[in-house]
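*Asks:* Sequence and computational prediction follow.
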Amino acid sequence: MTTTARPRESLLHGLPSVVDGYDLAAEGARCASLPDVVVRGRSLNRGTAVVRIDGPMDTPRHEEARKRHREFIVATTLSDDSPVLEMGWPLSGPFVRCAAGVYMDLYLAVAQKILDPAHPRIRAEMARLLELDLLTAREINTDDFLVAAEGVEGIHAPQDLAALAAGAAASSFPGSGAWKSFLSNSGAEAVEAGLKAAWQVKYKRFLEAHGWATLEAVAKDLGIPRIAEMDGDASRPEPLLADYPFFMAGCWKAFHGRTLGALHFTTSKKVQRAGFPQVRWIHRVPFNGSPRDLLDRIDPRPIGEILAAPGGVRAVVEAGRIPRDLLAGFIAEPFQGEGGYIPADPAWLRGTVEGVRANGGIFVADEVQCFGRTGTLFFSEQLGVVPDAIALAKGMVVGMTLIRAEHARHFHGGWHSNTWGGGKIFDTQWAHAVLDTLLNHRDPVLGGLTYARNCAVKGRRLAAGLERLRERHPALVTGFDQRGLMAGVSVRRRAEIIATGWKRGLKLLGCGPSGEVSRLRILFLADTLAREVDEALRVLDEVLAEVGAAKPPK
């Protein structure tokens, strides 16, 4: 089946101009107030920009950049035909000017970007650093406390960022109590801290409930020795074990990062896991399965009873079960990212988390990709789930692990640390500006909407447009999952759609497994304009028409 490109009006004709009381047409008139972004004499304005490509998007100079990159940088996730982005051109919202014209970024550096790079509040915060000669400042917040000098306004220390985040979490999850933060540099580091938090909480709770002698008996049952070489270290009173048999559960097709701790729970692709060791105490369940997938594996007997039974703890573990008193927790993405941009089923996630808590574990929510763009600050809010720890990064600028204060009492000095967490003044200032803007700014161009509300309103427009695309291109678009301004679209001939999109000025990226039907990720900024959603849909319609009219490759 082939499709024919139609003008933009045909695709969008009949879509409501008012969404939940918000007038999209009136917003268009307010866009006239948006300033141009000018770089090297070239200008761009998201209020008027359209996608237009007049030349090649790939040049010999770009191929030379790829060649030089491969020469000096080890293999990562780049493909040989990945786009080459030229630095030094204007950026305005999702639009980017380049030598070939103007293109639109629909994966936003894999969710790193959450606000217009020219947002006036962000620029003002960065300008303040430059004014005080702090733009390149680096300190070590794990050995020094930081505070703005007396009389200096507008400079935010790590504790200011953490306090802002704590207030946001407490407001988003009423009744959850106080929150604390651990600051780091990336999503993987934020996840690592969340995992270590879950294991540390279980360790301390176990010692409080059962004592060291019982833990040593469990270790002996499982063949885990002490590390005698560390007996002379007085930093902790108890002996050190070679391993700690506390269980964590995660999901199949999850992505939590590539550092070894996070990698234990990353199963979206074999290439991420091949050749790397794994600890024994990990269980995995289907994403959006049944709560019983995990809960039926838990042996409810007290640990003393298990130790006294024939075969002891070893028999339970070898049978593929988890002693209740050894369950540390469960980690999941409320909106699964690299596994295919799939939102969690609320009943499944709630049931699993409730069961984990009833058996003494905690829940770590990985919101690294979905934070701030689904219509609520945290996507867990929409699912009716209150996490015990939340991993954030990407749009948050820094890595941040939010942890409920009731659990933080179990952390001794030195349980975790790093060099740059909170000490990169530029990143801390930027992160504070982003979070404060997401929480408190009322954008006049958006008629005073909060950015969370804007994501919900523009998400309705996006959903209606994606449904139109599915109806117009049924041979290519088979379905989609969308929450706010984050969507996973199921398509046939994904590679052709991505290549054609780039040629026509849409920067697209896949996610999830490859197959006859695969997923595209589509992301928009939290301050997205209605015209930007419409422009993306218009060009995507043209891309699908071109791919549909061409013969599939053999």
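*Replies:* On my side now, so go ahead.
*Asks:* Return, as residue ranges, the portions of this protein with sub-threshold pLDDT.
*Replies:* Applying pLDDT under 70 to the chain picks out residues 1-9.
*Asks:* how is it carved up into domains?
*Replies:* 8-51+86-117+450-549, 178-423 (automatic domain parsing).
*Asks:* Kindly reformat those as CSV containing distance to Glu64 and mean neighbour count.
*Replies:* (Glycine included, C-beta is placed from N, CA and C.) Shown next, in CSV, are the domains of the chain (distance: least, Cβ to Cβ, whole Å; neighbours: other Cβ atoms under 10 Å):
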stretch, distance to Glu64, mean neighbour count
domain 8-51+86-117+450-549, 12, 19
domain 178-423, 27, 19
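*Asks:* Dump the ones you listed into CSV; add distance to His69 as well.
*Replies:* Listed next are these as CSV, based on distance: least, Cβ to Cβ, whole Å:
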stretch, distance to His69
domain 8-51+86-117+450-549, 14
domain 178-423, 19
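*Asks:* Dihedrals phi and psi, Thr478?
*Replies:* phi -110, psi -10 (degrees, to the nearest 10).
*Asks:* got the contact list for it?
*Replies:* By Cβ atoms under 8 Å, 6 or more residues apart in numbering, Thr478 lies in contact with 470, 490-492, 517.
*Asks:* quick check, nearest of those to Asn141?
*Replies:* Asn141 has its nearest neighbour among the contacts of Thr478 in Ser490, at 43.8 Å by Cβ to Cβ.
*Asks:* and that closest one, what helix or strand is that in?
*Replies:* Assigned by DSSP states H and E, Ser490 belongs to strand 486-492.
*Asks:* swap in Val547?
*Replies:* Val547 belongs to helix 530-549, assigned by DSSP H and E.
*Asks:* Give the other helices and strands that that helix contacts.
*Replies:* The criterion is 3 or more Cβ pairs under 8 Å, 6 or more residues apart in numbering; DSSP states H and E, and the helices and strands that helix 530-549 contacts are helix 8-12, helix 24-30, strand 101-105, helix 451-472, helix 494-504, strand 506-507.
*Asks:* Just put these in JSON lines and tack on distance to Ala190.
*Replies:* Rendered in JSON lines, the data for these read as follows (distance: least, Cβ to Cβ, whole Å):
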{"stretch": "helix 8-12", "distance to Ala190": "39"}
{"stretch": "helix 24-30", "distance to Ala190": "34"}
{"stretch": "strand 101-105", "distance to Ala190": "24"}
{"stretch": "helix 451-472", "distance to Ala190": "21"}
{"stretch": "helix 494-504", "distance to Ala190": "29"}
{"stretch": "strand 506-507", "distance to Ala190": "26"}
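*Asks:* what are the phi and psi values for Phe335?
*Replies:* According to degrees, to the nearest 10, Phe335 has phi -130, psi 100.
*Asks:* ok, the nearest residue to it once chain neighbours are set aside - contacts?
*Replies:* Nearest-residue entry for Phe335: Cys370, 3.9 Å, with adjacent residues in sequence omitted and distances by Cβ to Cβ, 6 or more residues apart in numbering. Applying Cβ under 8 Å, 6+ apart to Cys370 gives the contacts 111, 333-335, 337, 379, 483, 486.
*Asks:* ok, back up a step: tilt between the helix holding Val547 and strand 486-492?
*Replies:* When axes from the mean of the first three to the mean of the last three Cα atoms, to 10 degrees is applied, the directions of helix 530-549 and strand 486-492 differ by 10 degrees.
*Asks:* Could you number the chain from 51 rather than 1 from now on?
*Replies:* Understood, numbering begins at 51; the last thing we discussed is helix 580-599.
*Asks:* does the residue lying farthest from the centre of the chain sit in a helix, a strand or a coil?
*Replies:* Farthest-out residue of the chain from its mean C-alpha position, per Cα atoms, centre = their mean: Pro360, at 44.9 Å. Assigned with DSSP: H, G, I helix; E, B strand; the rest coil, Pro360 falls in the coil class.
*Asks:* do Ser93 as well
*Replies:* Going by three-state DSSP: Ser93 is strand.
*Asks:* what's the distance between it and Arg454?
*Replies:* Per Cβ to Cβ, to the nearest Å, Ser93 is found 48 Å from Arg454.
*Asks:* on that earlier part again, for the strand holding Ser540, packing partners?
*Replies:* Strand 536-542 sits against helix 501-522, strand 527-533, strand 567-573, with contacts defined as 3+ Cβ pairs under 8 Å, 6+ apart.
*Asks:* how far out from the middle of the chain is that strand?
*Replies:* Relative to its parent chain, strand 536-542 has a centroid offset of 17 Å by Cα atoms, centre = their mean, to the nearest Å.
*Asks:* One more: stretch 64-83?
*Replies:* Using Cα atoms, centre = their mean, the offset of stretch 64-83 from its chain centre is 29 Å.
*Asks:* what sits up against that stretch?
*Replies:* 96-98, 494-497, 499, 506-507, 510-511, 514-515, 518, 579-581.
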